[in-house]
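# Take a look and give me a structure for this.
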Amino acid sequence: MNKYLSISDEVQAALSAGKPVVALESTIISHGMPYPQNVETALRVEQTIRENGAVPATIAVIGGKLKAGCTHEEIEYLGKKGQAVTKASRRDLPVLIARKEDGATTVTTTMIIAAMAGIKVFATGGIGGVHRGAQQTFDISADLEELAQTPVMVICAGAKSILDLGLTLEYLETKGVPVIGYGTDELPAFYTRHSGFGVDYRIDTPEELAAAFQAKTDCGLKGGMLVTNPIPEEYSMPKEVIDRAIGQALSEMEAAGIHGKQCTPFLLAKVKDLTGGDSLAANIQLVLNNARLAAQTAKAMIVDSSYLG
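Predicted coordinates for the structure are as follows:
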């Protein structure tokens, strides 16, 4: 086992016994919401996974250790420390480990640590992607490259609607990443169920998701699988409201000269302000919805005897 990897007793026991485990990221705790709402939401997501028959593994870097499974105290610590915790992507891990520092894991680093621990399914809010204006800036999230090489199924509510969704899909196609719509033919766009873009395949059951991922593994096809699960109808925001808020937020970001890893937190906070907080409530509900599907899919992987080899 990787000497820097620290798997919690609960997660290790579940993995050893062949029980379903679902990975969760920690950027949503430190950078996604204010305290104490961030901690309350993280624990609620963990509870949702338990209620659906799986074991949650919140992933983070704490004191230079790659944690697969955080205690309530560690989640509280990350929540209180907030944005003082480094938002850790692939490039950050070596230095954070060497310096024994803390890091909140993005989609990229959560996939890396989940794969090290042997966890196949990961629930998150939305993935990063190709940023608008990337033709000039080359601003493309490392999440897409990780999906191309790391064997983890990522269940999300689509790419964040602040991105260029068309170019994000083109990039994933080039990298050979299957984009699945769960119960939908249209790519969901995080806060809203509609984007105007199609997915590669529609799948309607956790069992078929598990079978597709197993087939990918059996064939030796590297990389992950992206499952886009639309936000529940009752929490979905009107596409035109979100589009208008994002347009204004992008203008303000450009005027302020913000770029790189600061873009997403700035845009999400600005959209929250412009929507009167509705977008934050939607964010919480879509994460809970993805956690439910991830737990059901992880269970289906275990039930499928071919998955156990």
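
# what's the neighbour count on residue 256?
11 (other CB atoms under 10 Å). Using the backbone N, CA and C atoms, a C-beta is placed for each residue, glycine as well.

# Quick check: which element contains the closest residue to it other than its chain neighbours?
Leaving aside its sequence neighbours, residue 256 sits nearest to residue 266 (CB to CB, 6 or more residues apart in numbering; 7.7 Å). Assessed by DSSP states H and E, residue 266 sits inside helix 263-274.

# and that helix, what does it pack onto?
helix 239-256, helix 278-303 (3 or more CB pairs under 8 Å, 6 or more residues apart in numbering; DSSP states H and E).

# Those: which one's closest to residue 135?
Each of these was scored for nearness to residue 135 using CB to CB, and the closest is helix 239-256 (14.7 Å).

# now the angle between helix 263-274 and the closest one, please.
Relative orientation of helix 239-256 versus helix 263-274 (axes from the mean of the first three to the mean of the last three CA atoms, to 10 degrees): 120 degrees.

# just how off-centre is helix 239-256 within its chain?
Centre-to-centre, helix 239-256 and its host chain are 23 Å apart (CA atoms, centre = their mean, to the nearest Å).

# Give me the residues contacting it.
Contacts with helix 239-256, where a contact means CB atoms under 8 Å, 6 or more residues apart in numbering, come from 132, 161-162, 189, 191-192, 194-195, 263, 266-267, 270-271, 274-275, 279.

# before we move on, back to that, for the helices and strands packed on helix 263-274, could you give me a markdown table that also reports distance to residue 71?
Below are the helices and strands packed on helix 263-274 laid out as a markdown table (distance: least, CB to CB, whole Å):
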| stretch | distance to residue 71 |
| --- | --- |
| helix 239-256 | 36 |
| helix 278-303 | 19 |
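
# Format those as CSV; extra columns: distance to residue 201 and mean pLDDT.
Shown next, in CSV, are those (distance: least, CB to CB, whole Å; pLDDT from 0 to 100):
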stretch, distance to residue 201, mean pLDDT
helix 239-256, 23, 86
helix 278-303, 15, 93
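
# Closest one to residue 83 out of the contacts of helix 239-256, please.
residue 266 (11.6 Å).

# Settle this for me: the closest one is touching residue 258, isn't it.
Yes - Residue 266 is in contact with residue 258 according to CB atoms under 8 Å; the separation is 5.2 Å.

# residue boundaries of the helices in the stretch 51-200 of the chain?
Assigned by DSSP state H, counting those that start in this stretch, the helices in the stretch 51-200 of the chain fall at 72-81, 93-99, 107-117, 134-137, 142-149, 165-174.

# and those, which one's lowest on average pLDDT?
Note on these: lowest mean pLDDT is at helix 134-137, with a mean of 74.

# Could I get the CA-only coordinates of it as PDB?
Provided in PDB are the C-alpha atoms of helix 134-137 (Å, rounded to 0.1, in the frame of the first residue of the first chain):
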ATOM      1  CA  ALA A 134     -10.200  28.600 -23.300                       C
ATOM      2  CA  GLN A 135      -9.200  29.100 -27.000                       C
ATOM      3  CA  GLN A 136      -7.200  32.100 -25.600                       C
ATOM      4  CA  THR A 137      -6.500  31.000 -22.000                       C
END
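
# buried ones in it?
residue 134 (16 or more other CB atoms under 10 Å).

# And the contacts of that helix?
The contact list for helix 134-137 (CB under 8 Å, 6+ apart) reads 131, 140, 164, 167, 259.

# Lowest pLDDT pick from the residues you listed?
Ranking these by pLDDT, residue 259 lands last with 75.

# do you know how far that residue is from residue 138?
For residue 259, the distance to residue 138 equals 11 Å [CB to CB, to the nearest Å].
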